[in-house]
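Peer 1: task: produce atomic coordinates for the following.
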Amino acid sequence: MTTTRLLSLAAGATLVLCNSPAIAGKSPDSRPNVVIIMTDDQGYADTGKFGATGFKTPHLDQMAEEGLCFTNWYVPQAVCGASRAGLLTGCYPNRINMLGAPGPSSRTGIAEGEMLISEMLKECGYATALFGKWHLGHHEKFLPLQHGFDEYYGLPYSNDMWPHHPGVRHLPLEKRLERWPHLPMIEGNKIINKQVTPEDQVSLTTSYTEKAVDFIARNKARPFFLYVAHSMPHVPLYVSEKFKGKSEQGLYGDVIMEIDWSVGEILSSLRKHGIDRNTMVLFTSDNGPWLSYGNHAGSAHPLREGKGTTWEGGQRVPCIVRWPRKITAGTTCHVPAMHIDLFPTIRGFVKGKGPSHRVDGKDISSLLTNPSGAKSPHEAYFFYRGDQLEAVRSGKWSLHLNHSYRSLRDKPGKDGIPGPYRQKKTEVALFDLEADIGQERNIANENRQVVNHLQDLAKKFDADLKAGKRAKGSL
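Peer 2: As a prediction, this is how the structure comes out:
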């Protein structure tokens with residue numbers, strides 16, 4: 001039997017396993033399209049429905065009115081690369097050894113044996129594409145095309161990992177390049193621009209959006225997975241002329257308004273092609289705001305702290321989901337959920353398979369379809385900074401273990417120059433987030449039974465996770 005014939009039979013078997021009646025000729029394909037829009041460092045309060053001030057987000061507000069808002073949506077770690085790894089694999093980043101924010105000197109990345117949402121959906125016959133920031137390894141073996149994506153266009157890591165970083169901008173270029181090499185733009189597996197300039201960054205949001213709209217048009221007749229991972233509003237901030245100076249807040253507000261425009265373009269494209277009712281569109285951020293950048297950072301109000309911490313301001317982010325076929329318009333879910341739950345939830349909707357190894361997330365489809373009555377499938381979520389378990393969220397309770405954390409020393413920075421941090425420490429602290437969303441009052445002494453229970457959960461989970469840790473990919 002020829003190789004081509006074997007591949008054809010394998011593809012057919014995969015499609016049957018993934019329940020594709022249209023390909024079997026029985027009825028139109030009813031499987032949903034999936035669109036995930038991820039921003040970078042956008043705070044909890046940085047959309048209209050979550051309390052934004054100084055700028056407007058009409059498209060996101062409309063998306064919320066037509067869909068569902070999660071008020072307790074969490075990232076698996078409050079840092080770029082780890083958060084994205086958790087979203088795409090359904091695993092805590094610690095389990096798969098994908099921590100921190102790998103840069104241009106990194107020689108590691110997502111392991112070949114991990115299954116991403118893109119790979120699971122590709123096995124089900126989905127078209128797949130990523131436009132935007134990757135951050136799971138920049139060497140070819142780690143890039144999106146080797147992990148289930150048919151198309152990729154974007155930056156391999158954060159847009160500040162370049163010789164124009166504020167920390168080295170005062171130095172001659174040859175000295176800057178010793179710290180940060182030039183930032184590349186990649187399409188497919190090829191570098192198409194070896195030296196991304198500030199002028200190039202001005203068009204990032206627009207170019208990602210145009211690619212996304214084109215992908216939708218080309219794949220409107222088949223199920224697809226589209227992952228739009230905006231580089232903004234991570235500093236340095238850049239915005240196109242069409243939104244420059246448009247917000248009262250300033251440059252940060254301009255950037256969010258352009259991201260909102262991007263969401264509107266994607267939703268408009270889905271409507272234009274008559275596929276919006278059966279497309280699940282989810283909008284969220286990779287972590288909370290980078291507070292040291294002041295007016296170039298977002299807001300986590302009324303939450304405590306921001307990016308890089310396990311306090312609510314670092315871990316809790318905005319999340320809006322629109323899917324008219326399944327989700328009741330104008331609904332709100334107050335039950336906690338996390339990025340890691342997307343993999344098993346999407347897998348359930350498409351009747352996908354795998355992986356054979358452990359996934360930490362759980363199917364939260366009931367929260368989407370019955371947000372007022374459904375309960376969390378998790379007893380608790382666990383918040384790590386690096387390899388250290390620092391906090392537990394269970395129901396209304398937030399328990400912080402003994403740990404240090406960064407906090408602004410004085411005033412935040414301004415106009416792209418960060419202010420300094422200092423290190424603080426917390427003792428074991430318990431908070432009732434329903435009564436104290438800002439985590440201001442430690443009520444551990446009045447609730448020793450709750451503290452003991454959550455400490456026991458934390459100890460057992462941490463030991464289990466570390467015993468089941470898998471190796472990351474390496475060159």
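Peer 1: what's the model's confidence in stretch 54-71, averaged?
Peer 2: Mean pLDDT, stretch 54-71: 98.
Peer 1: dump the residue contacts of Gly314.
Peer 2: Ala78, Asn287, Gly288, Ala300, Glu305, Gly306, Lys307, Gly308 (CB atoms under 8 Å, 6 or more residues apart in numbering). No exception for glycine: its C-beta is placed from N, CA and C like everyone else's.
Peer 1: Trp290 is in contact with the fourth one, correct?
Peer 2: No: taking CB atoms under 8 Å as the contact criterion, Ala300 and Trp290 are not neighbours in contact, 10.5 Å apart.
Peer 1: what touches both of the two?
Peer 2: With CB under 8 Å, 6+ apart as the test, Ala300 and Trp290 both reach Gly306.
Peer 1: for those two, indicate the residue with more neighbours.
Peer 2: Taking neighbours as other CB atoms under 10 Å, Ala300 and Trp290 compare with Ala300 leading, 29 against 24.
Peer 1: quick one: pLDDT of the more buried one?
Peer 2: Note on Ala300: pLDDT of 98.
Peer 1: please apply the same query to Ser20.
Peer 2: Reported pLDDT for Ser20: 50.
Peer 1: kindly report the same for Arg322.
Peer 2: For Arg322, the predicted pLDDT is 98.
Peer 1: tell me who's in contact with the residue nearest to it when sequence neighbours are not counted.
Peer 2: Spatial nearest neighbour of Arg322, chain neighbours left out: Gly67 (3.3 Å); criterion: CB to CB, 6 or more residues apart in numbering. With contact set as CB under 8 Å, 6+ apart, Gly67 has these partners: Val281, Ile320, Val321, Arg322, Trp323, Pro324, Ile327, Ala329, Thr331.
Peer 1: and the gap between Gly67 and Phe349?
Peer 2: 15 Å (CB to CB, to the nearest Å).
Peer 1: again, but for Ser158
Peer 2: Applying CB to CB to Ser158 and Phe349 gives a distance of 31 Å.
Peer 1: the more surrounded of these two?
Peer 2: Neighbours around Ser158 and Phe349, counted as other CB under 10 Å, are more numerous at Ser158. The numbers are 21 against 17.
Peer 1: give me the pLDDT for that one.
Peer 2: Reported pLDDT for Ser158: 97.
Peer 1: so it belongs to a strand, correct?
Peer 2: No: applying DSSP: H, G, I helix; E, B strand; the rest coil, one finds Ser158 to be coil, outside a strand.
Peer 1: now stretch 189-199: mean pLDDT?
Peer 2: Stretch 189-199 comes out at a mean pLDDT of 97.
Peer 1: quote the end-to-end distance of it.
Peer 2: Across stretch 189-199, the terminal residues are separated by 23 Å (CA to CA, to the nearest Å).
Peer 1: any buried residues in it, and which?
Peer 2: Val196 (16 or more other CB atoms under 10 Å).
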